[in-house]
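**Student:** sequence below, structure please.
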Amino acid sequence: MAKFKARTLKITIDDPEEAQLFLNGLILARQNNSSEYFPQLIDGVNAIMEPYTAELIAEQKAGIGPNAKVQVD
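**Tutor:** Take a look at the predicted model:
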């Protein structure tokens with residue numbers, strides 16, 4: 001009888017735009033597939049993106065960057 005050996009899959013995420021596209025693809029795939037791996041992958045990519053996203057939001061609130069939110073009083 002064939003035996004399946006558990007393996008670890010490792011990828012390097014080095015670009016925030018590609019990471020967002022990958023995350024979007026994982027979310028879409030999860031909608032069409034009940035595999036238990038998708039929530040784990042989504043959580044992993046979210047954990048990688050969280051510090052970057054928080055920093056980007058803080059910069060935008062401070063009026064830094066092309067998508068800055070400038071508040072006029």
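
**Student:** longest helix anywhere in this protein?
**Tutor:** Secondary structure of the chain per DSSP state H: the longest helix is helix 37-61.

**Student:** in it, what counts as buried?
**Tutor:** 38, 41-42, 45, 48-49 (16 or more other CB atoms under 10 Å). Every C-beta, even on glycine, is put in place using the N, C-alpha and C of the backbone.

**Student:** make TSV out of those residues and add distance to residue 27 and pLDDT.
**Tutor:** Shown next, in TSV, are the buried residues of helix 37-61 (distance: CB to CB, whole Å; pLDDT from 0 to 100):
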residue	distance to residue 27	pLDDT
38	8	95
41	10	96
42	6	96
45	10	97
48	15	96
49	13	97
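
**Student:** closest one to residue 7 out of those, please.
**Tutor:** Distance to residue 7, by CB to CB, is smallest for residue 41 among the buried residues of helix 37-61, at 14.8 Å.

**Student:** what's the burial count for the closest residue to the closest one other than its chain neighbours?
**Tutor:** Distances taken as CB to CB, 6 or more residues apart in numbering place residue 26 nearest to residue 41, at 5.2 Å, with adjacent residues excluded. Per other CB atoms under 10 Å, the neighbour tally for residue 26 reads 20.

**Student:** what's the answer for the one 3 residues further on, then?
**Tutor:** Neighbourhood size, residue 29 [other CB under 10 Å]: 14.

**Student:** so it touches residue 38, yeah?
**Tutor:** Yes - the pair residue 29 / residue 38 is scored as a contact, 6.1 Å apart, by CB atoms under 8 Å.

**Student:** about what we covered before: retrieve the pLDDT associated with the residue nearest to residue 41.
**Tutor:** We have a pLDDT of 96 for residue 26.

**Student:** I'd say it and residue 38 touch.
**Tutor:** Yes - the criterion here is CB under 8 Å, and residue 26 meets it with residue 38 at 6.0 Å.
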